[in-house]
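> when you get a sec, could you give me coordinates for this:
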Amino acid sequence: MTDQHSHLPLIVIVGPTASGKSTLGVWLAERLGGEIVACDSTQLYRGFDIGTAKPGRSERRGIAHHLIDVLDPTEKATAGGYRQMAVAALAELRHRARIPILTVGTGLYLRALLEGLADLPLHSEDLRQRLRARKQQHGDKYLHRILHRLDPEASGKIAPTDEQKIIRAIEVCILARRPISEVHRAGRRPLTGWRPYKIGLNPPRELLYKRINSRTDSMLERGWLAEVQRLLGSGFNADAKPFDFLGYRELHSVLYGERALEEARVAIQQATRRYAKRQLTWFRKDTAIRWFSGVGDAPPLQDEILKWLQSEIMRASREVRKSGV
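Below you'll find the predicted structure:
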């Protein structure tokens, strides 16, 4: 018997920061009966609003947004924790027959949601300290050689200079008593009951960089520095994870007299451009993404994306009816 509700549409919007993902998400939600599910590690935190490009009340235009403002600055955000919250949000949207529209800034969180996470062993601080001591004794490449012996596949994917990832990989190999590559492949539980439609926004580089620079200026004009000052004045420790977000660390240094505001502005723009490039590099590895050249707040592109979505959803529905699955 055909169950047309077993694989409901899950719309996924990816792309670099400042490409208009949030605007496109709201526009599509208005036309498709959807609600937004944020997939961004920075927007989870309460109080960190301007610098995380969190959509304001007017930008949301009455569309419900989920997984925004769910953590205090002292709490730790993880891919596993996000997946748990996102699965619950999707179940609630399914119950109300609403289409989820994911606006994705953090590729790792999207992967965790769609593909699941491996059950990794716990940490061993004693083992980590011993590995760091070995590195000091035998040189920078020593740990990477150890990882290569334990798991050649993993060593080929981790740069010899990435000490943190190398140590964690060795740690998992030793605690799990098998290569970390095997651990990652085993025990994953992919998301079921949804059919993802992945949309990628890929603006021309010159336009994207112009938008990044302009948005940084706008954030500062809207009181970003005052937001950081207020958060620090609320008693939160400056070592809390959100204060290390892009832009917040630079403005923190302004408040402590370590750099001028203009210097921080330029540094934030440069760092944001680099971050956008890393996001694109990550997302381009996903061959299931349908890329569109432009920004999400451009009406012609919005119409093009909506037509593509409607066509794909109808095609999938016909296939389900035909197969009788």
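> could I get the pLDDT score of the nearest residue to Gly47 once chain neighbours are set aside?
In this structure, Gly47 finds its nearest non-sequential neighbour in Leu231, 5.5 Å apart by CB to CB, 6 or more residues apart in numbering. Quick note: C-beta positions are derived from backbone N, CA and C, even for glycine. Per-residue pLDDT puts Leu231 at 94.
> now for Leu231: which residues touch it?
When contacts are counted by CB atoms under 8 Å, 6 or more residues apart in numbering, Leu231 touches Gly47, Phe48, Pro73, Phe243.
> cool, and Ala64?
Glu35, Ile36.
> dihedrals phi and psi, it?
Phi and psi for Ala64, reported as degrees, to the nearest 10, are phi -70, psi 140.
> so how far is Pro100 from it?
Going from Ala64 to Pro100 by CB to CB, to the nearest Å gives 11 Å.
> so what sits against both of these two?
Contacts common to Ala64 and Pro100, judged by CB under 8 Å, 6+ apart, are Glu35.
> my guess is Ala260 contacts Val254, does it?
Yes. The pair Ala260 / Val254 is scored as a contact, 7.1 Å apart, by CB atoms under 8 Å.
> neighbour-wise, which of those two wins?
Val254 (18 against 11; other CB atoms under 10 Å).
> can you check the pLDDT for that one?
97.
> quick one: it is in a helix?
Yes. According to DSSP: H, G, I helix; E, B strand; the rest coil, the state of Val254 is that of a helix.
> flag the shaky bits of the stretch 51-200 of the chain, pLDDT-wise.
Scanning the stretch 51-200 of the chain for pLDDT under 70 picks out 120-122, 187.
> again, only this time at 80
118-122, 184-188 (pLDDT under 80).
> strands of that one, start to end?
With strands called from DSSP state E, counting those that start in this stretch, the stretch 51-200 of the chain shows them at 65-66, 99-104, 194-201.
> and those: which comes nearest Glu171?
strand 99-104 (29.0 Å; CB to CB).
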